[in-house]
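Enquirer: Prediction below, plus the sequence it came from.
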Amino acid sequence: MKRPLLVPAVLIGLLGSGGCAPASSLTSDSSVDAVVVDVIDGDTIRVEHAGDTHSVRLLNIDTPETKHPDRGVECLGPEASQFLEELLAPGDAVRLEFDEERTDQYDRLLAGVFKDDDLINAAVARAGFGIAVYYEPNERFLPPVEEAQKEAESAGRGLFDDSLPCTVPGQVQDALDAVDDLPTDGPQGYEELEESAAAAVAAVVLADEARDLVLSLDPEESGVHHRAHGSYLNAYERSLDQAITKGERRASEDQAEIERVDAVREAQEAAADQAEADREAEQRQAELERERETAAPQPAPAPQPAPAPAPAPAPAPAPAPAPAPAPAPAPAPAPAPAPAPAPAPSPTNGSSGGGGGTPNLGPSDRPAGYTHRDEPTSYTGPRCFLPGGNWWKPC
């Protein structure tokens, strides 16, 4: 996590250089002693010399703007002003040393400012609140300021501090950390999956913004932030491109998994809804059937079947025919001619009780299809007897 270490801004000073004496009164000397009046911004002060007040622009150092009409307040501009105020309090004695060109277009003195033999120009760069610049033809203080800037870069101070959210290194590092902090293991639950996807998208957005910032910087342009990081811009761009690719891949994987889980969930919900709809339809159909049954007229009770007729009583068995009378003994032969034989008896119905009989046959002499009258039988219908009344068959 980044730790904000911005120093609270304390802006002291007046706009412009009103009330200052012309700088030309000091240009004949290579150096002059003066007393600090106040600090205007991170690289401009006002001093008093020989009863006059002069604006002094520190040579070969440029700090973030706080009063520029077109740029507004830049990152670490207030902190640079506060740092210079801590170095140069009102009333401090300073020595101004000049280079070839001693004033600028705003009639400000261009000087190296020394306090107790310490070059304040280099001290600002060493703290990371300014960068070395060359304004032709003045280069007298450029080497010590450049050396101080390298020290600030190595130590990661001020403009080169990647823990400060407003600096270019800070914004690049924040974006890289956001991607690196994405979980390497796949999320376990649906909520974790959504959080991971959202974090990946946010990291990609942050990396895109940092990349846009890097691409907007041009070392050939004026301005501290353009020129402070020229040697790092290509490396920043490569790192951010890799981070964007990684973040987009993670976001895509998480989103694909979310869509897969959503599809499964929707299919399950659709199946459950269909099952419930089917159940309700079956219930409605059953209710309709019950309503139709209730509304239909009740059929008349079926007539009771007529009782079965009582079985006809079995006919009484026919009385056994009386045995034929024994023939009378033949008379003694007479001289008269023998009488003609009696004619054969005509067949009679067994139901008739007529006399004339059939020889009294035993069971072993059964006529075909006849039953002996003494044999048990379940037959109850009419019977036809042979002559003699011993054998019968159904009529």
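Expert: Received, thanks.
Enquirer: Tell me the secondary structure of the residue most central in space within the chain, please.
Expert: Nearest to the mean C-alpha position of the chain, by Cα atoms, centre = their mean, lies I258 at 2.9 Å. Put simply, I258 is helix when judged by DSSP: H, G, I helix; E, B strand; the rest coil.
Enquirer: quick one: it and D92, what's the gap?
Expert: 64 Å (Cβ to Cβ, to the nearest Å). Just so you know, the C-beta spots here come from the backbone N, C-alpha and C atoms, and that holds for glycine as well.
Enquirer: and D38, which of the three is it?
Expert: On the three-state scheme (three-state DSSP), D38 is labelled strand.
Enquirer: in the sheet, who's paired with it?
Expert: R46 (DSSP bridges).
Enquirer: please renumber so the chain begins at 5
Expert: Yep, numbering from 5; the last one is D42 now.
Enquirer: Around it, count how many other residues there are.
Expert: 15 (other Cβ atoms under 10 Å).
Enquirer: how about the helices in this protein?
Expert: Using DSSP state H, the helices of the chain run over residues 81-91, 124-130, 146-159, 172-184, 194-220, 228-232, 237-299.
Enquirer: Give me the phi and psi angles of the nearest residue in space to C79 that is not next to it in sequence.
Expert: Distances taken as Cβ to Cβ, 6 or more residues apart in numbering place C170 nearest to C79, at 3.7 Å, with adjacent residues excluded. Main-chain torsions, C170, degrees, to the nearest 10: phi -90, psi -10.
Enquirer: you'd agree C170 is up against V77?
Expert: No: using Cβ atoms under 8 Å, C170 makes no contact with V77, being 10.4 Å away.
Enquirer: Neighbour count: these two, which is higher?
Expert: Neighbour count, other Cβ under 10 Å: between C170 and V77, C170 has more, with 17 against 14.
Enquirer: Per-residue confidence, the more buried one, what does it come out as?
Expert: pLDDT, C170: 96.
Enquirer: S29 too?
Expert: Predicted confidence (pLDDT) for S29: 55.
Enquirer: nearest spatial neighbour of A211, skipping sequence neighbours?
Expert: In space, A211 is closest to A179, 4.1 Å off (Cβ to Cβ, 6+ apart).
Enquirer: which residues touch the one you found?
Expert: Shown in contact with A179 (Cβ atoms under 8 Å, 6 or more residues apart in numbering): A207, L210, A211, E213, A214, R215, L244, A247.
Enquirer: go on, V137?
Expert: By Cβ under 8 Å, 6+ apart, the neighbours of V137 are N64, I65, D66, R231.
Enquirer: Kindly indicate the member of the residues you listed with the most neighbours.
Expert: Busiest of these [other Cβ under 10 Å] is I65, holding 29 neighbours.
Enquirer: Quick check: bridge partners of that one?
Expert: Listed beta-bridge partners, I65: A136 (assigned using DSSP bridges).
Enquirer: With L114 instead?
Expert: Beta-bridge partners, per DSSP bridges, of L114: R61.
Enquirer: neighbours around it, how many?
Expert: 22.
Enquirer: Next: I135.
Expert: Number of residues near I135 (other Cβ under 10 Å) recorded here: 29.
Enquirer: Check what pLDDT it gets.
Expert: pLDDT at I135 comes out at 98.
Enquirer: repeat for E241
Expert: Reported pLDDT for E241: 97.
Enquirer: where's it relative to I44, distance?
Expert: In terms of Cβ to Cβ, E241 sits 36 Å off from I44.
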